[in-house]
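**Q** the following comprises the amino acid sequence and a computationally predicted model.
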Amino acid sequence: MKITGRLTILLLALALIAGGLGAGIGTWLIAENKDPVGLHAFVHQELDLSPGQEAKLATLEQRFAIEQRRLELELKSANAQLAEAIESEHRYGPRVAVAIDRVHEKMGALQKATVDHVFAMRELLDPRQRAAFDREVTAALTADPSD
């Protein structure tokens, strides 16, 4: 199969979109299903939260879910604009460069909001819980993704 310039651009766009979504969303931090994974599962299952902490955490999670969805939609829009720019220019031109910067901006905003949410969750914890939480966050952020 001959790889043409158009195919190369398409593959580049797909790689950027996939990478952006994977890096930006950080599914290990926030799960939207009924069986939470990662940090949320750890907080709910391992930290022995009081009913008051659970209630405050539920409020935080509801607020963050709305913000997360908004930011994910903005990232999706930025990726669509990148696709349009690639289709229009068929090279790494000025529109593509601007679109890539916008994707990175939206990915960064999502990551910052997620980290803010992690710190908000941490504030609900007592000192013993915080120590365990901090260890879990550090382990999650430094884990080898191939493991």
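**A** Happy to help now that I have it. Residues are numbered from 1 along each chain as shown.
**Q** got a pLDDT number for the closest residue to F64 other than its chain neighbours?
**A** Leaving aside its sequence neighbours, F64 sits nearest to H117 (Cβ to Cβ, 6 or more residues apart in numbering; 4.5 Å). All C-beta spots, glycine's among them, are computed from the backbone N, C-alpha and C. You'll see H117 listed with a pLDDT of 94.
**Q** what does R91 give?
**A** 87.
**Q** what's the following helix or strand after the helix or strand bottoming out on mean pLDDT in the chain?
**A** Lowest on mean pLDDT, DSSP states H and E among the helices and strands of the chain sits helix 5-25, with a mean of 59. Sequence-wise, the next helix or strand downstream of helix 5-25 (DSSP states H and E) is helix 38-46.
**Q** gap between the residue nearest to F64 and A97?
**A** Noted for H117: a distance of 31 Å to A97, by Cβ to Cβ, to the nearest Å.
**Q** higher neighbour count, those two?
**A** H117 (21 against 12; other Cβ atoms under 10 Å).
**Q** ok, now how distant is that one from V43?
**A** H117 is 11 Å from V43, by Cβ to Cβ.
**Q** ok, L73 next?
**A** L73 sits 26 Å away from V43 when distances are taken as Cβ to Cβ.
**Q** hmm, back to that, secondary structure element holding the residue nearest to F64?
**A** helix 94-123.
**Q** just checking, what packs against that helix?
**A** Packing partners of helix 94-123 (3 or more Cβ pairs under 8 Å, 6 or more residues apart in numbering; DSSP states H and E): helix 5-25, helix 38-46, helix 51-89, helix 127-142.
**Q** which other helices and strands contact the longest one?
**A** Secondary structure elements in contact with helix 51-89, counted by 3+ Cβ pairs under 8 Å, 6+ apart, are helix 5-25, helix 38-46, helix 94-123.
**Q** so how far is it off the chain centroid?
**A** With Cα atoms, centre = their mean, to the nearest Å as the basis, helix 51-89 stands 8 Å off its chain's centre.
**Q** now the last one
**A** Averaging C-alpha coordinates over helix 127-142 and over its chain gives two centres that are 19 Å apart (Cα atoms, centre = their mean).
**Q** buried stuff in it?
**A** Buried residues in helix 127-142, counted by 16 or more other Cβ atoms under 10 Å: Q129, F133, E136, V137.
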